[in-house]
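**Q** Test case, fold it:
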Amino acid sequence: MNHQPVTDVDGYVPVIDISARDSDPGRRALAAAIGQACRNSGFFVIVGHGVAPELVDRMHEVTTGFFALPDAEKDRAAALPGFSGFRRSGGTTAQSLDHRSPPDLCESFAAHVTGELGDREREALGDYWATWKLANRWPRVPAGFEATWQEYMSELGALSCDLMRLCALALGLDEDFFDDKFDRHVSSLVANHYYPQVEAPLPGQLRRGAHTDFGGLTVLHQQDDLGGLQVLRGADEWRDVRAIPGSFVVNIGDLLALWTGGRWVSTVHRVVNPERGDTSSRLSIPFFFQPNHDAVVEPLSPPEATGDRQRPDAVVAGHWMADKTRKLFAAGS
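**A** Residues are numbered from 1 along each chain as shown. Here you go, the predicted model:
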């Protein structure tokens, strides 16, 4: 590679080839490209990431197989209560921005990297209710579901760790700045199944309502042949994020935007409905890379911090994320 990692750009969400991240010149070029994307839209698409296509295909196969099961079988892995497991309703993501809208038109399955810890270990993850303190609830079928999800979470965790190291370089920090803030991360993996829309949606009802992610990094796989993800540009312009074969969509959440002191943006996005008469389904699988529950997030000083633009107060990552999650679940209950 000639150290020009941006291979395609629509002017807002660039496509970045990260295959040169094993060399110093390549990492510097990647950091520059990522920094520009995060200042502009907070979204970018990565290719050349090294995650095996076979694993991605297997992940898609077992997850699609789960959502094809009868409701009674899926309910055996229902989240009771909380986040880990199967949820018939996608909730109301727009509530995260205090927007009122009907429930999202999707069902989901979720797991946490901490969900296999012992009871005492999970209880030590903060003295408050939090989704990462819940044990994972795995379905009995399809065969290989749990093992595939565990392998996928491990691979996406490793990829996200290196993306955070590139983010540190992009912010002018030491490359290992975030290492000890994510070495016990409480990340989650979610599969969103956007089922066929046989009936017309209610007014304002979408597959996923407009929202921002509230944590660190999101690394999303979306089906190659089906779109629907849109990112807000300006006040009212929605831009499609193309589904590129072999890619992941990466965006930063509210917590990381706060961490940067406003240098980077957490951008509103949504998943729109298909055209009427299109009864196809769609699967998207976001990995939410979240810091250690006890990581203290001290925002960097804003650029040209003068006058009233002072650095925001520090927050504890776990409290921040738990408060946001409670608000989201309250809306979807």
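**Q** Distance of Ala243 relative to Gln223?
**A** According to C-beta to C-beta, to the nearest Å, Ala243 and Gln223 sit 6 Å apart. Quick note: C-beta positions are derived from backbone N, CA and C, even for glycine.
**Q** Tell me which residues of the lengthiest helix in the chain come out buried.
**A** Taking DSSP state H as the criterion, the chain has its longest helix at helix 145-170. With burial defined by 16 or more other C-beta atoms under 10 Å, the residues of helix 145-170 counted as buried are 145, 148-150, 152-153, 155-157, 159-170.
**Q** tell me how far that helix is from the chain's mean position?
**A** Centre-to-centre, helix 145-170 and its host chain are 11 Å apart (C-alpha atoms, centre = their mean, to the nearest Å).
**Q** name the helices or strands packed onto that helix?
**A** The helices and strands touching helix 145-170, judged by 3 or more C-beta pairs under 8 Å, 6 or more residues apart in numbering; DSSP states H and E, are helix 24-40, helix 53-67, strand 188-194, strand 217-222, strand 282-289.
**Q** In JSON lines, list those along with distance to His269, mean pLDDT and mean neighbour count.
**A** Output for these, formatted as JSON lines (distance: least, C-beta to C-beta, whole Å; pLDDT from 0 to 100; neighbours: other C-beta atoms under 10 Å):
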{"stretch": "helix 24-40", "distance to His269": "14", "mean pLDDT": "96", "mean neighbour count": "19"}
{"stretch": "helix 53-67", "distance to His269": "21", "mean pLDDT": "97", "mean neighbour count": "16"}
{"stretch": "strand 188-194", "distance to His269": "13", "mean pLDDT": "96", "mean neighbour count": "23"}
{"stretch": "strand 217-222", "distance to His269": "10", "mean pLDDT": "97", "mean neighbour count": "24"}
{"stretch": "strand 282-289", "distance to His269": "11", "mean pLDDT": "97", "mean neighbour count": "22"}
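**Q** Out of those, which gets nearest to Gly262?
**A** When the helices and strands packed on helix 145-170 are compared by C-beta to C-beta, helix 24-40 sits nearest Gly262, at 10.1 Å.
**Q** relative to helix 53-67, how tilted is the helix or strand hosting Val250?
**A** Val250 belongs to strand 248-252 when assigned by DSSP states H and E. Orientation of strand 248-252 against helix 53-67 (axes from the mean of the first three to the mean of the last three C-alpha atoms, to 10 degrees) gives an angle of 80 degrees.
**Q** send the alpha carbons of strand 248-252 over as PDB?
**A** What follows is strand 248-252, C-alpha atoms only, in PDB (Å, rounded to 0.1, in the frame of the first residue of the first chain):
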ATOM      1  CA  PHE A 248     -17.400  -3.200   9.000                       C
ATOM      2  CA  VAL A 249     -19.000   0.200   9.700                       C
ATOM      3  CA  VAL A 250     -17.400   1.900  12.700                       C
ATOM      4  CA  ASN A 251     -18.800   4.800  14.600                       C
ATOM      5  CA  ILE A 252     -18.000   6.500  17.900                       C
END
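**Q** what residues does the following helix or strand past it touch?
**A** Downstream of strand 248-252, the next assigned helix or strand under DSSP H and E is helix 254-259. Residues from elsewhere that reach helix 254-259 (C-beta atoms under 8 Å, 6 or more residues apart in numbering): 42, 167, 212-217, 264-266, 290-291, 297-300, 312, 315, 317, 320-321, 324.
**Q** next one: stretch 50-63
**A** 19, 109, 142, 144-145, 148-149, 151-152, 155-156, 159, 191, 193, 221, 223, 246, 248, 283, 285.
**Q** What of stretch 117-125?
**A** By C-beta under 8 Å, 6+ apart, the residues outside stretch 117-125 that reach it are 114-115, 132-135, 186, 293, 318.
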